[in-house]
Each structure stands twice: as C-alpha cells, then as structure tokens.
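# From the sequence below, what's the structure:
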Amino acid sequence: SGFELAKSAFEKDPTNSEAAKQAAMIVGTLSESASNSLEQMKLGAQFKLSLSLSQSIDIQPDMVVLHMRGRFSFKVASLSWLERTMACKVLNSIPSCTYDDALADLLAADKIHPALDTLLFIGKAYMGRGERE
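You can find the predicted model right below:
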C-alpha cells in the first residue's frame, strides 16, 4: 500500500522526484524480500521504472538514489546465464548493466555521503570485475 501511495503521488505530480524515490525504495525492499525469483524479477522491473522516474539524479545528485541504482546495476550484472534467460522470458528484456555501471553510481554515492553498505557493494563490484585488491 505504501508503494501505491507513492506511485499515486508521483502520478499526480510527475515533477515530484521524492515520490518516485520513495516508490523505488519501497518496491526495492519488496523485491529483496520476495519469496521466489519470478516475483523478485517482476518487482525488480518495477523498481527500475520507479528509479528511472526519479528526477533527483538529474537535478541534484542524491546519495540514496545513486546507491539504489548502483545496487540494482550490481544485481543485474551478477545474474547467472539461467537467471538472465528466465528474466528475458518473463520480462521480455532486461536492462544492460555492468559492474562498471554499478561502480560509477556507488562511488558517486560514497562521495556524497560515505556509508558502510555502499562500501560493501563497492567491494563486491570490484570483485565482480575480478579486482580482488
């Protein structure tokens, strides 16, 4: 219901980047706690849409939005071949995300406001690129 409220607020005022950000945060949380991969993929697609609707990155860098987008890019870049195939069948396509995309957003988020969970995903993204140090 929180997602529906945030989505409704954004639809009433498409310039309201905060409503889009809140919708992305709520659906992102739902996606991470989904009971199966299919539901997680559907919620992930909705998360990406809500995140892309948020104008706050373009207007002024927002640590939370950059962090969420970086984590999303990391998650997509980390998908196995089987998960990618399944996502393409369910969603008709998946975004093209790389570990470099994830790093760019996570490093930008860390520059605005350092946070432990951002550093964790920066490390994971470097490991995904094969850079263990």
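# contacts, neighbours, all on C-alpha from now
Will do.
# Provide the secondary structure category for the residue nearest the centre of the chain.
The centre of the chain sits closest to Phe72, judged by C-alpha atoms, centre = their mean, with a distance of 3.2 Å. For Phe72, the reduced secondary structure class is helix; criterion used: DSSP: H, G, I helix; E, B strand; the rest coil.
# and the gap between it and Ala102?
Relative to Ala102, Phe72 is positioned 8 Å away (criterion: C-alpha to C-alpha, to the nearest Å).
# ok, now Leu5?
The gap separating Leu5 from Ala102 is 29 Å, by C-alpha to C-alpha.
# what's the neighbour count on Ala23?
Burial measure for Ala23: 28 neighbouring residues, criterion other C-alpha atoms under 10 Å.
# Mind checking which of Leu5 and Ala102 has more residues around it?
Set side by side, Leu5 and Ala102 show more neighbours around Ala102, with 28 against 13, by other C-alpha under 10 Å.
# Next one: that one from Asn36, what distance?
Following C-alpha to C-alpha, the distance that separates Ala102 from Asn36 is 24 Å.
# swap in Ser8?
According to C-alpha to C-alpha, Ser8 and Asn36 sit 27 Å apart.
# quick one: low-confidence ranges for the protein?
Judged by pLDDT under 70, the chain has its weakly predicted residues at 53-61.
# hey, where'd the helices end up in it?
Defined through DSSP state H, the helices belonging to the chain, from first to last, are 2-12, 17-32, 37-53, 56-59, 63-77, 81-91, 99-112, 116-128.
# quick one: buried residues of the last one?
Using 16 or more other C-alpha atoms under 10 Å as the test for burial, helix 116-128 gives Thr118, Phe121, Ile122, Gly123, Lys124, Ala125, Tyr126, Gly128.
# do the longest one as well
Of the residues in helix 37-53, 39-41, 43-48, 50-53 count as buried by neighbour count, 16+ other C-alpha under 10 Å.
# now it against helix 63-77, angle please.
140 degrees (axes from the mean of the first three to the mean of the last three C-alpha atoms, to 10 degrees).
# Same check on the first one?
Compare the direction of helix 2-12 with that of helix 63-77 by the same axes, to 10 degrees and you get 110 degrees.
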